[in-house]
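# can't give you the sequence, but here's the structure:
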């Protein structure tokens with residue numbers, strides 16, 4: 001995507017710009033829907049009606065019922081609400097939690113708190129391609145497992161996880177199942193009806209919507225214990241004055257996301273062509289390249305080069321890419337997902353993530369590819385072309 005500044009933006013997995021119709025919906029709602037949705041007078045009723053419509057739109061993209069959608073301040077909050085609710089509702093004898101080794105920090109970093117509350121947490125390993133190891137997972141499962149959390153698509157590698165198999169095994173053991181679908185929703189079909197998770201988290205800002213709002217889809221009958229109390233909003237499931245304009249914009253973004261799902265093939269072709277050139281011309285190693293992936297995501301190493309140095313050099317040249325998730329801590333040890341995939345340590349420091357968006361065009365990836373030779377030559381200490 002070429003920004004008005006002329007820069008090329010290739011980090012859509014980090015966040016997306018507001019889509020035009022979403023910005024218009026947000027501006028209109030901020031101006032006209034100022035009433036408190038809990039108030040009984042007309043302004044309040046108008047806000048509540050808009051909130052209900054927004055809930056229906058989010059539910060349509062997820063594939064759930066509107067009453068199963070709980071608006072939150074972020075997907076991180078949604079993940080925390082899901083985990084806390086599942087553990088609070090765990091039956092007698094269920095004292096284990098299984099998390100995939102590649103979970104987002106919003107889930108993975110709850111590990112210590114979960115163990116302090118009396119549960120044992122175990123990692124589910126992944127294969128060298130970053131896919132959940134189903135054989136190992138089945139061996140770990142049992143009737144003492146309270147919760148399984150497996151993200152739908154990894155935010156760095158883009159690798160899709162076998163959620164239908166996970167859901168089937170969870171149902172066999174009567175185990176609650178949570179998935180963080182933040183990166184997947186809007187890029188691939190929702191797993192709500194196929195994998196049948198009890199909890200699914202989503203964020204508006206990954207869908208060309210605003211920051212500051214997310215949602216948890218909580219299946220009817222799944223335990224739900226509010227983290228925030230004191231007002232009874234969201235059907236008593238999340239107290240706080242409803243952010244109606246943000247919800248309206250979220251709903252508009254979900255409408256557009258549903259329409260844009262058909263673009264996956266075009267983006268996958270752009271990505272594959274770019275990766276072919278990167279391998280051929282620069283010896284790139286694509287991580288998870290043999291696994292099912294999000295159509296927009298490429299996660300690769302350029303051996304012998306520093307990933308952060310490449311990001312800064314490309315930034316100076318007017319192209320925005322990343323070394324991985326903005327939610328992971330920096331450092332030279334490499335992304336945790338690569339450690340879980342048992343990637344050679346020498347490749348971890350040279351990793352880049354390129355993630356395409358709906359407006360991305362071939363010229364964007366061509367610009368990146370055309371800049372690389374001179375940048376790599378300069379970083380090697382040679383003369384620039």
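Everything's here; your move. Predicted model only: the values in this text are computed from it and were never measured. Numbering: from 1, shown residues only.

# Please identify the buried residues of stretch 344-352?
347-352 (16 or more other Cβ atoms under 10 Å). Just so you know, the C-beta spots here come from the backbone N, C-alpha and C atoms, and that holds for glycine as well.

# List the ones among those that fall in helices.
With helices taken from DSSP state H, the overlap with these comprises 347-348.

# Save the buried residues of stretch 344-352 as JSON lines, and put in distance to residue 60 too.
As requested, these are exported to JSON lines (distance: Cβ to Cβ, whole Å):
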{"residue": "347", "distance to residue 60": "41"}
{"residue": "348", "distance to residue 60": "40"}
{"residue": "349", "distance to residue 60": "43"}
{"residue": "350", "distance to residue 60": "42"}
{"residue": "351", "distance to residue 60": "36"}
{"residue": "352", "distance to residue 60": "35"}
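
# which one of the buried residues of stretch 344-352 is nearest residue 372?
Of all the buried residues of stretch 344-352, residue 352 has the smallest distance to residue 372: 10.1 Å, by Cβ to Cβ.

# ok, the buried residues of stretch 344-352 vs residue 319, which is closest?
Nearest member of those to residue 319, counting by Cβ to Cβ, is residue 352, at 10.8 Å.

# and the helix-or-strand element of the chain with minimal mean pLDDT, what other elements does it pack with?
In the chain, the helix or strand scored least confidently by mean pLDDT, DSSP states H and E is helix 345-348, which has a mean of 93. Judged by 3 or more Cβ pairs under 8 Å, 6 or more residues apart in numbering; DSSP states H and E, helix 345-348 is in contact with helix 336-340.

# residues in contact with the helix it packs on?
101-102, 108, 125-126, 130, 154, 156-157, 287, 324, 328, 333, 347-348, 351 (Cβ atoms under 8 Å, 6 or more residues apart in numbering).

# let's go with 6 Å and repeat that
When contacts are defined by Cβ atoms under 6 Å, 6 or more residues apart in numbering, helix 336-340 is touched by residues 101-102, 126, 154, 156-157, 348.

# What about these, which one has the most neighbours?
residue 154 (33 neighbours; other Cβ atoms under 10 Å).

# Let's see the pLDDT reported for the closest residue to that residue other than its chain neighbours.
Leaving aside its sequence neighbours, residue 154 sits nearest to residue 102 (Cβ to Cβ, 6 or more residues apart in numbering; 5.5 Å). Residue 102 carries a pLDDT score of 97 in this model.
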